[in-house]
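**Q** compute the structure for the input listed below.
(one chain, ligands or ions: 1)
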Amino acid sequence: MADAFTYEALPQRVVFGRGTLARVGEEVTRLGRRRALVLSTPQQGADAHRLALLLGPLAVGVFPQAAMHTPVDVTERALHDVERADADCIVALGGGSTTGLGKAIALRTGLDQVVVPTTYAGSEATPIIGQTEGGQKTTLRDRAVLPEVIIYDAELTLALPPRLSFASGLNAIAHAVEALYAADANPVTSTLAEQGIAALAAALPRIAADPTDIEARSDALLGAWACGTCLGTVGMALHHKLCHALGGGFDLPHAEMHAIILPHALAYNRAAAPRAMTRLAHALGSPDPAARLFQLARDGRLPAGLRALGLAEAALDRAADLAMASPYPNPAPIERARIRQLLQAAWEGREPVPADGD
Ligand code: NAD
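**A** I've put the predicted structure just below:
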């Protein structure tokens, strides 16, 4: 018998393919907009300027200053440019950091967003925004920040270095893993989650072997969309709670931290979420999903432990306290001693072990 569920789809237009960057202007016009401000990080500024040239009179400026974790002072500077250029929409070209800036502007102005993702983080498919001010990160869910259009162009990801590809790919996989055991899981997101995990897990090793493999890049991007859609639609659990605690409390690099924590969070939930584990085993082609994801991060030459990200061992007690505060719904009960053990293993970079009695 099928389980009962409630499902709400998000309204969003997705254009997927190769060479689709050429369609940004068409999509801006389709929205009824004529004055786009193009956003990027400083590292992708040249690409943003090229896109502005491609857009011609539809582009009224470039703001190439997006930064990790959406600092509010950067948003304020960007808003100044929006006003000065009289922009009527945003075109964000880049990863989660640039998408985050576009969302922050949309939150304050209601401007439409066309997002052109160049990593696998998945933020473009969610109504979620995290912002930082005075060292504090706050996250909120609001339909106002959901981008109107996503344009996926696999060619833009060819330049994403393999290490960053693995880090953001594992960040995406984490969204789908938690969707499989979400308190509000439903048949649509569970199917998408399985598809997204399978696509990314198969594509990442091919990207490591040949970063210019356009078919692998395209498969990974499709996986990123599927995984991002899961994050946008259902609630997350222990893994995301731990990452929010560590990211907010200790300013660790986002994607690498996700890649480290994921196998441990999975091992924590293994006994309590048997159906999710069966689907994961199927998606990953391995009877031990936690071990498979741990190995995938090794294949991507990512740091094995939080220690390698610069976190002091003395911080683990506080990290456990932060993780215990207002915990997210989770299949296995959240117990401080087990969380502390999990953090120790993740800090040392040990392979995750099943919990007692598992
Ligand atoms: P990022 O956007 O910070 O990009 C990392 C670096 O890679 C940047 O310097 C960027 O310019 C560069 N880069 C991006 N694409 C490239 C490409 N194709 N070629 C060469 N260089 C490229 O990293 P990310 O992992 O995509 O995003 C992380 C951020 O996204 C975090 O702030 C995180 O909180 C946020 N995020 C938000 C959500 C959400 O739903 N709100 C979901 C996932 C991640």
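**Q** buried ones in stretch 170-186?
**A** For stretch 170-186, the neighbour count (16 or more other Cβ atoms under 10 Å) marks 170-182, 185-186 as buried. Yep, even glycine has a C-beta here, placed from its N, CA and C like the rest.
**Q** for the stretch 51-200 of the chain, what lies in contact range of the ligand?
**A** 68-69, 94-98, 100, 118-119, 121-123, 126, 128-130, 156-157, 159-160, 164, 168, 171 (Cβ under 6 Å from any ligand atom).
**Q** again, 8 Å this time
**A** For the stretch 51-200 of the chain, the residues in contact with the ligand (Cβ under 8 Å from any ligand atom) are 66-70, 94-100, 103, 117-123, 125-126, 128-130, 139, 156-161, 164, 167-168, 171-172, 175.
**Q** quick one: the strands in the protein?
**A** 13-17, 36-39, 59-63, 89-94, 112-117, 128-133, 136-141, 149-153 (DSSP state E).
**Q** reformat those strands as a markdown table; add mean pLDDT, mean neighbour count and distance to residue 301.
**A** Below are the strands of the chain laid out as a markdown table (pLDDT from 0 to 100; neighbours: other Cβ atoms under 10 Å; distance: least, Cβ to Cβ, whole Å):
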| stretch | mean pLDDT | mean neighbour count | distance to residue 301 |
| --- | --- | --- | --- |
| strand 13-17 | 98 | 14 | 29 |
| strand 36-39 | 98 | 28 | 30 |
| strand 59-63 | 98 | 22 | 33 |
| strand 89-94 | 98 | 29 | 23 |
| strand 112-117 | 98 | 26 | 23 |
| strand 128-133 | 92 | 19 | 27 |
| strand 136-141 | 87 | 12 | 28 |
| strand 149-153 | 98 | 23 | 26 |
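**Q** which one of the buried residues of stretch 170-186 is nearest to residue 27?
**A** For these, the residue nearest residue 27 by Cβ to Cβ is residue 172; the value is 23.0 Å.
**Q** for the closest one, which residues are in contact?
**A** By Cβ atoms under 8 Å, 6 or more residues apart in numbering, the contact set of residue 172 is 120, 121, 122, 196, 200, 223, 224, 227, 228.
**Q** how about the nearest residue to the first one, chain neighbours excluded?
**A** Going back to what we said before, that points to residue 120. Excluding the flanking residues, the one nearest residue 120 by Cβ to Cβ, 6 or more residues apart in numbering is residue 224, at 3.7 Å.
**Q** residue 90 contacts residue 107, doesn't it?
**A** No - using Cβ atoms under 8 Å, residue 90 and residue 107 do not qualify as a contacting pair, with a distance of 11.3 Å.
**Q** nearest to the ligand: which residue in the chain?
**A** residue 96 (2.0 Å; Cβ to the nearest ligand atom).
**Q** residue contacts, the closest residue to that residue other than its chain neighbours?
**A** Distances taken as Cβ to Cβ, 6+ apart place residue 121 nearest to residue 96, at 3.7 Å, with adjacent residues excluded. Residue 121 makes contacts with 95, 96, 99, 168, 171, 172, 224, 228, 254, 255, as judged by Cβ under 8 Å, 6+ apart.
**Q** residues near the first one, how many?
**A** The local packing of residue 95 (other Cβ atoms under 10 Å) involves 29 other residues.
**Q** now do it against residue 43, distance only.
**A** Separation of residue 95 from residue 43 (Cβ to Cβ, to the nearest Å): 10 Å.
**Q** give the burial count for the closest residue to residue 327 other than its chain neighbours, as a bare number.
**A** Nearest residue to residue 327, sequence neighbours excluded (Cβ to Cβ, 6+ apart): residue 334, at 4.5 Å. Per other Cβ under 10 Å, the neighbour tally for residue 334 reads 16.
**Q** and the one 5 residues further on, by the same measure?
**A** Other residues within reach of residue 339, judged by other Cβ under 10 Å, total 24.
**Q** surely it and residue 320 touch.
**A** Yes - at 5.1 Å, residue 339 and residue 320 qualify as touching, with contact defined as Cβ under 8 Å.
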